[in-house]
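A.B. asks: Attaching a predicted model along with its sequence, questions to come.
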Amino acid sequence: MVKAGVIVNLYKDPTGEHTGKVIQGMIKRNIQPLVTHSVYKILRQGTLLEEETLYQLSDLILVLGGDGTILQTSRSAAKFEKPLLGINLGRLGFLAEAEMSDLETILDILASGSYQIERRMMLESRLIRRNRLINQSLALNDVAVTKGSFARIIHLDVRIDGEFVNHFAADGLLVSSPTGSTAYSLSAGGPVIYPGMECLLMTPICPHTLNSRPIVTNADSNIEIDILDKNREIHVTIDGQYAVGVREGDRIIISKSPMVTQLIRLSGYGFFNLLRSKLSARYE
């Protein structure tokens, strides 16, 4: 029997209506749904497990929500090397590409195992302060060094593999994976990179000099960002979901992570078809 963990954004499905349909469809197809306390409390269905145990025992993870829920789930799924499939309950989903309207077909494919797994490169961020590791984080989309709400522009020195690249005066700086190229980086003027590639994309946010341009470098590179400002509110933000404060003299080192996100891909869903439809949806 296939065991599938079910991770749900209950802000998008507060009554459990969509989740209930998914779980009932899984049971009908002899797929064992593994659920956390928050889901079981609403539906009283599925096998109740602690979250870490759910990831350990699952053959795959079903994520109901939007791209934000996928990003959050991806960091845990990567640690346990579990593939995941996002079912989109939001408006714009590059990662959670499957839709509830296709639920019957989706569950049939999962039950038969006739799907492909796409491996996505992830990022590792290390915050170094006075030669000590203060924070180490895993990201699927991007690592952002940005000013606070009321701060003026910030000043950063950047090196790639020890070679000085540039001094940036900007609202911030993004380092993205190919997957993250269609997220914050795209809004900041960065290029779209095919998600199957492996590289690092560095995109300035509202730079104050005309020679500050996005840079694509080798996936095996180390990007080092030095914080130069004193008495400024500056943060390192991981996948836009949680932040760590930094100070003058701190160094952020961003590199390719040894971990990967495994995304379940269903036949008929191509990246460029998805890109065209999602970008068009932004302006409808």
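C.D. replies: Sure thing, it's come through.
A.B. asks: contacts, neighbours, all on C-alpha from now
C.D. replies: Fine.
A.B. asks: Surely residue 182 touches residue 195?
C.D. replies: No - Residue 182 lies out of contact with residue 195 (CA atoms under 8 Å); the separation is 9.2 Å.
A.B. asks: more crowded one of the two?
C.D. replies: Taking other CA atoms under 10 Å, residue 182 and residue 195 do not tie; residue 182 has more neighbours (21 against 18).
A.B. asks: give the contact list for the more buried one.
C.D. replies: 94, 192, 193 (CA atoms under 8 Å, 6 or more residues apart in numbering).
A.B. asks: To which secondary structure element type does the first one belong?
C.D. replies: Right, the one you point to is residue 94. Following DSSP: H, G, I helix; E, B strand; the rest coil, residue 94 is assigned to coil.
A.B. asks: Can you give me the neighbour number for it?
C.D. replies: 21.
A.B. asks: quick one: it and residue 68 touch, right?
C.D. replies: No - here residue 94 does not reach residue 68: they are 10.3 Å apart, not a contact under CA under 8 Å.
A.B. asks: how about the helices in the stretch 1-150 of the chain?
C.D. replies: Assigned by DSSP state H, counting those that start in this stretch, the helices in the stretch 1-150 of the chain fall at 17-28, 37-43, 51-57, 67-79, 103-112.
A.B. asks: got a list of contacts for the third one?
C.D. replies: I take that to be helix 51-57. 3, 5, 34, 35, 36, 61, 76, 77, 80, 82.
A.B. asks: buried sites along it?
C.D. replies: For helix 51-57, burial by neighbour count (16 or more other CA atoms under 10 Å) applies to 54, 55.
A.B. asks: That one: how far from the chain's middle?
C.D. replies: 20 Å (CA atoms, centre = their mean, to the nearest Å).
A.B. asks: what do you get for the longest one?
C.D. replies: Between the mean C-alpha location of helix 67-79 and the chain-wide mean there is a distance of 6 Å, by CA atoms, centre = their mean.
A.B. asks: same thing with the first one?
C.D. replies: A distance of 25 Å separates the centroid of the chain from that of helix 17-28, by CA atoms, centre = their mean.
A.B. asks: okay, the angle between that helix and helix 103-112?
C.D. replies: 40 degrees (axes from the mean of the first three to the mean of the last three CA atoms, to 10 degrees).
A.B. asks: Give me the contacts around helix 17-28.
C.D. replies: 8, 13, 32, 33, 43, 45, 46, 64, 100, 103, 104, 107.
A.B. asks: residues near residue 258, how many?
C.D. replies: By other CA under 10 Å, the burial measure for residue 258, its neighbour count, is 10.
A.B. asks: Do you know the pLDDT at it?
C.D. replies: pLDDT recorded at residue 258 is 97.
A.B. asks: Now tell me which of the contacts of residue 182 the prediction trusts least.
C.D. replies: Where pLDDT dips furthest among those: residue 94, at 79.
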